[in-house]
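Visitor: build me a model:
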Amino acid sequence: MRELTQEDAIHGVLGGGVLACGGGGWKHHGELMGRMATELNRPVLASVDELPEDSWVATVTAIGAPAAKNWEIRPIDYVHALQELIKATDVPISAVMTAQNGYSTTLNGWIQSSVLGVKVLDVAGDVRAHPTGKLGSLGLAEREGYVATQVVSGGNRALHGHFLSVNKGTINTCDDVLRDISVRTGGFIAAARNPVELSYVKENAAHGSISLALDLGRDMAAALRKRGAGKQEAFVQAVVERLGGTVVSSGPLGFEVPTDTHGGWDHGTFRIGDFTVPYLNEYMAIESGGERIATYPDTIIILDPKLGEAVAVKDAYEGEDVVLVSVPASALPVSSSAIDESGLAEIEQIMDIDFLKYRDSGLVGGTVGYVS
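Guide: Down below sits the predicted model:
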């Protein structure tokens, strides 16, 4: 176990922003949460092997569309959601995990650890960011007899007041309800959900995901401290080398299909050179000339070397000079939910493009972990 510092928070936002794949929350929100969590107290990061075998773990996250105009999440909302989840369950929740990496989502759980003393597990429901709750739920949608408990807290106070909802039922139904709530309360809302045994997390999570984001952010920060003409190249190389990725294309970014926010998601398609990148909150595929180059759960990244950070869907602009990078899913930790058939089928239906036919049958959730 180790205490997380303000420097870790900075690196977590940088590295998490790359693994956000265009979504994963907001940079300024991640910076706020990291600063507050590490000034208030010291969050504690732990591996699954450092907790008692009888521990229970909850997933903490935020739900909604990052480009929504009226979203509001206060730091206390994350704490309140977990407190209400603990009240609503009869299991001893002593650790939390994030559903995914991202600009702010890599730091999910840090404020809860500071305030409530729970440990932050060095795992994720997905090493990269994704658009639906099912894709970060450790395959619980397929676990026979599992009854989900999911809590949301917060919302835009000026428009809707504070909203609290405690939901119990199947993963799929609860996820759909929480998505609808996020839309009705301003576009985003804090959540705590799906308490589960530590043993199940060990078997199904993407292990070492937080350490990966922190190490990636540290590499990026070192590259950005360089001076001279090679700084931008060093920045891109730092990302490619740490993740085992490949530069697919570079050049000005264009909007093949403009961003449209509806149903709790940001929909659209970017074009970079001869390649298109359809997104649903996050970059979900790369295509060129009718051929599929990369498909979720591959990690798909768009970098702005001049800014020294990853491009978020909500911040992208026409003509932005970018670099498109692809990382095969097999190169990074994999969770059971990232290859879950029902989760992939849902995004097929929403986006009207194929995912299941490209699923790598060799991927197994929970078996490959990142070691710093």
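Visitor: show me the contacts for residue 319.
Guide: Contact partners of residue 319, counting by Cβ atoms under 8 Å, 6 or more residues apart in numbering, are 252, 253, 254. Where C-beta positions appear, they are placed from N, C-alpha and C, glycine not excepted.
Visitor: just give the nearest non-adjacent residue to the first one, would you?
Guide: In other words, residue 252. residue 319 (4.8 Å; Cβ to Cβ, 6 or more residues apart in numbering).
Visitor: follow-up on the earlier one: which of the contacts of residue 319 count as buried?
Guide: Buried members of the contacts of residue 319, counted by 16 or more other Cβ atoms under 10 Å: residue 253.
Visitor: wait, is residue 326 part of a strand?
Guide: Yes: Residue 326: assigned to a strand according to DSSP: H, G, I helix; E, B strand; the rest coil.
Visitor: wait, isn't it in contact with residue 298?
Guide: Yes: contact status for residue 326 versus residue 298: in contact at 6.0 Å, counting by Cβ atoms under 8 Å.
Visitor: so how far is residue 193 from residue 6?
Guide: For residue 6, the distance to residue 193 equals 28 Å [Cβ to Cβ, to the nearest Å].
Visitor: same deal with residue 175?
Guide: 9 Å.
Visitor: residue 6 and residue 193 - which one has more neighbours?
Guide: Per other Cβ atoms under 10 Å, whichever of residue 6 and residue 193 has more neighbours is residue 193, with 28 against 12.
Visitor: who's in contact with that one?
Guide: 58, 59, 60, 61, 85, 133, 148, 149, 150, 151, 174, 178.
Visitor: lowest pLDDT pick from the residues you listed?
Guide: Checked by pLDDT, these have residue 133 as the lowest-scoring entry (84).
Visitor: just to check, that one is in contact with residue 180?
Guide: No: using Cβ under 8 Å as the test, residue 133 is too far from residue 180 to be in contact (11.7 Å).
Visitor: the two: which is more packed in?
Guide: Between residue 133 and residue 180, counted using other Cβ under 10 Å, residue 133 has the larger neighbour count: 29 against 13.
Visitor: the closest residue to the more buried one other than its chain neighbours: helix or strand, and which one exactly?
Guide: Once flanking residues are discounted, residue 133 sits nearest to residue 175: 3.6 Å by Cβ to Cβ, 6+ apart. Following DSSP states H and E, one finds residue 175 within helix 171-184.
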